[in-house]
Each structure stands twice: as C-alpha cells, then as structure tokens.
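K.L.:
just the structure for this:
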Amino acid sequence: MTTHLMAKSRVALAALAALAGTLAAPGAWAQNFPISAAQKQTANEVAQKGVPLSELAPNAPDSYTVKSGDTLWDISKLFLKSPWRWPELWGMNLNDIKNPHRIYPGQVLLLERLGDKATLRVAGSSGDGAAPDTIRVTPRTRYEALADLALPALKSRVIEAFLAEPLIVDANELQAAPRIVATQEERVLLTRGDRAYARGSNGAPLMDDQAKQQLFRLFRNATPLKDPGTGEILGYEAQYIGKAQLIRSETTGEVQGEKGQPESAVVPATIDIVSAKEEIRVGDRMLPEPARALSTYTPHAPSQVVDARIVSVYGSAVINAGQSQVVAINRGTQDGMEAGHVLAILKDGQRIMDKTDPARPLMKLPNERNGLLMVFRTFDRVSYALILEITDSVRVGDRLINPR
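P.N.:
Presented below is the predicted three-dimensional model:
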C-alpha cells in the first residue's frame, strides 16, 4: 500500500511540475495584441535616440514596481508627460520590452538618465519581456491564463458596457430589421425572463436555422446625430434596450376563417428576453448579436491632422459630460479615425465685452485645453470616445484636436 501511495504521489508531483513548467514558460498563453507599423516605427526611432529629459514627467521615479491593477496608460503617465505616447515609453528600451503588452505585476521598471536622454529597462530582464519566472502552484479548481496577468492598455471594464450598445444606422436600416409583434397575455412592457413573438422584414421570415443559439440586440428610436458645425445628419443612433434569444422559427399555419373556411396565417417566431436595460415593448427592433472582437484600445496620437467636434453625450439627454463618460464625435473611419486615437478637448472660449474699452467691443477668449478622450469604436462618419481626463465639464460642440 505504501509503495502504491508513493507511486501515485510521484505521478501527482510530476503533473504539477509539468503544469508549473507550462505556466512559467516564456510566452505561454502570452497576449498577441496587434501593434501598428507606425507605433513600432516610433518605438524604433526612440530606441535609437532615447527620450529627451524634457519629455519626462516632472516627478518621474527612478524605479517603479508594477502592481496588479496598473495599466499601460497609468505607467506611461507616471514616466512621461503625455500618456498616449506609450510607443516612446516602449522604445526607451526595446531590448528589455520586446512587446509592451507583456508587462506584468511584480516587474521593476528602472529609469536611467544618460546625458540629455532617458531610457527605461526592466530589472533582471531576460530580454524577452516574459512574465516573472516563478509562479506558485497550489491545488485549486480553476485556472488563469498567463495573458490574464499582463497589463491592459486601459481598464477595459470602463468601456465594456459601451462596446455592444451604441449603433449607428442609416435612415432605413432599423426600420428594415425584424421586430417584436406580440407579447404573452397582451403585456405592454417586457423585461428579463419574459417571452415575446417577433417577425422578420422584407419578406424574410425570422428563422432558427443556425448551429448555435441566435442572440439579438434590441433597439428603439433612431436619433439623428447632427454635425454641430454644418447641421448635416451624420447617422442615426439607435437606442439599445436589451437582448433576446431566438427560441423557435417564424412559420405559417392554418386557422379557421370567418365563414369556417381554412385560411393561412403567420405564426411569428418565439423569443425570450435575456437582458433588459429598460422596458421592452411591441415594435422594438432586433439586430443580430455581433461576434465579440478582441481590441487592445492602445492609446496613440493620430498621424493626420484632426479638427473634430463632440456631437452628443451617449445615453443622456444633457449636453454636459464628465470623466469616464462616452461621447459621439463627428469623425469616423472615412476620416481616418481608429480605435485608440487620443484627442485633446478644447473648451470654447467665452464671449465677453471688453469693459476697459470705452467702445465696449465684443471679445472671444482663446479656446483652452480641457482634457483628453480616446476613440474606442468607429463607424463611417461617427465615432464613440471615452473621456479620459478633464479639468472642467465637457459640452456638446466642444472642439477636438491632436493632443500636441
């Protein structure tokens, strides 16, 4: 019996050792986030030249130990005056930081000043930017991928709620989408757990013909988004109200007519409401749930000159927005906007009368920088952006320009 137990113990220890080796292996489950050619070029240039001391943050530390909960934005802001210039932080030592997305809690970042330039390196780095070698393995019923330990560019939970919600459509797109046509027991309002019935549009029935379950996002009231400068309608913002699952396909059946003769009738599709942001009702529209895309939202400045304006504050009827709120801007993919672009917010200068001049002429004070926002979702002519930093409230119509 003792020999048998010892043999089983050796097998268990071998399995644990194999698991530990897999977890500690450089690059195991490592994040493979995309890095643009422009970002890499910037990093290579900085790797050769270094960063001028004048670009360092006033209180940049000589060393910093990365903590759980940090982001690349936080660390860039710690060392540099401009946090969106993360490729320069990365390029300060390409030998130690092969991939800026592979920076892990516990690593120590060292800032070195040489002449009028600065470089950054990882203390004790092996040169591949891998995670710390030692990971304690203890019995547990769940696992964590190594990629989960690496630092994100930003705290994704701040914008996760907005990734599926905003939808920009044209004038007719929402009207052509499948719609809810009836409820059980003639209920007026629906919420999570309720059953309803829906039909397709344009002669196309709503069919449950996919290998996996079909989810739909529910929308209402496409609100026009107008350019603050020209008044032109850039698109229509559909109001997200919930999510539904398709249970049964739309079909046809026979019913008895008024004179007793059989007649053909539509049997609408059956749906279940699986989540509700607000009450759902007959007439609300359905669009297929899109596949979730992996995005890094790595902050960087646009390469082109940007002159844009804030169109609206998402999910609110007010014209003012605060930090960590989402706004729509009047530039999209047609204008070169992409996820991760950082823009500076300008507060419109006040219009006042010069009381020191007997003629009392009208003056307009200069526009002042009010903060930063980052684009995270783009459409053809409109983009959604997260307000990262502000010193005062942001208003619809405020100008947006390149961060420097």
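K.L.:
so how far is the longest strand along the chain off the chain centroid?
P.N.:
The longest strand of the chain (DSSP state E) is strand 233-248. The chain centre lies 18 Å from the centre of strand 233-248; the measure is Cα atoms, centre = their mean, to the nearest Å.
K.L.:
for residue 201, which non-adjacent residue is spatially closest?
P.N.:
Take residue 201 and drop its neighbours on the chain: the residue closest to it by Cβ to Cβ, 6 or more residues apart in numbering is residue 176, 5.2 Å away. Bear in mind the C-beta positions are built from the backbone N, C-alpha and C, glycine included.
K.L.:
let me see the ranges of the helices in the protein.
P.N.:
Assigned by DSSP state H, the chain shows helices spanning 2-24, 37-49, 72-79, 86-91, 157-163.
K.L.:
rewinding a little: just the buried residues of the longest strand of the chain, please?
P.N.:
Neighbour-count burial for strand 233-248 flags 234-246 (criterion: 16 or more other Cβ atoms under 10 Å).
K.L.:
any idea which of the residues you listed is closest to residue 167?
P.N.:
Nearest to residue 167 among the buried residues of strand 233-248: residue 238, at 4.4 Å, using Cβ to Cβ.
K.L.:
what's the neighbour count on the nearest residue to the closest one once chain neighbours are set aside?
P.N.:
Distances taken as Cβ to Cβ, 6+ apart place residue 219 nearest to residue 238, at 4.0 Å, with adjacent residues excluded. The local packing of residue 219 (other Cβ atoms under 10 Å) involves 21 other residues.
K.L.:
follow-up on the earlier one: could you export the longest strand of the chain as PDB, CA atoms only?
P.N.:
Output in PDB follows, covering the C-alpha atoms of strand 233-248 (Å, rounded to 0.1, in the frame of the first residue of the first chain):
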ATOM      1  CA  ILE A 233     -27.100  64.400 -40.300                       C
ATOM      2  CA  LEU A 234     -24.100  62.000 -39.900                       C
ATOM      3  CA  GLY A 235     -26.100  59.000 -39.000                       C
ATOM      4  CA  TYR A 236     -28.800  57.700 -36.600                       C
ATOM      5  CA  GLU A 237     -28.000  56.500 -33.100                       C
ATOM      6  CA  ALA A 238     -30.200  53.500 -32.200                       C
ATOM      7  CA  GLN A 239     -31.200  53.300 -28.500                       C
ATOM      8  CA  TYR A 240     -30.100  50.000 -27.000                       C
ATOM      9  CA  ILE A 241     -32.700  48.500 -24.700                       C
ATOM     10  CA  GLY A 242     -31.800  44.800 -24.200                       C
ATOM     11  CA  LYS A 243     -31.100  41.400 -25.600                       C
ATOM     12  CA  ALA A 244     -33.200  38.400 -26.800                       C
ATOM     13  CA  GLN A 245     -32.700  34.800 -27.700                       C
ATOM     14  CA  LEU A 246     -34.500  33.200 -30.700                       C
ATOM     15  CA  ILE A 247     -36.300  30.000 -29.500                       C
ATOM     16  CA  ARG A 248     -38.500  29.000 -32.500                       C
END
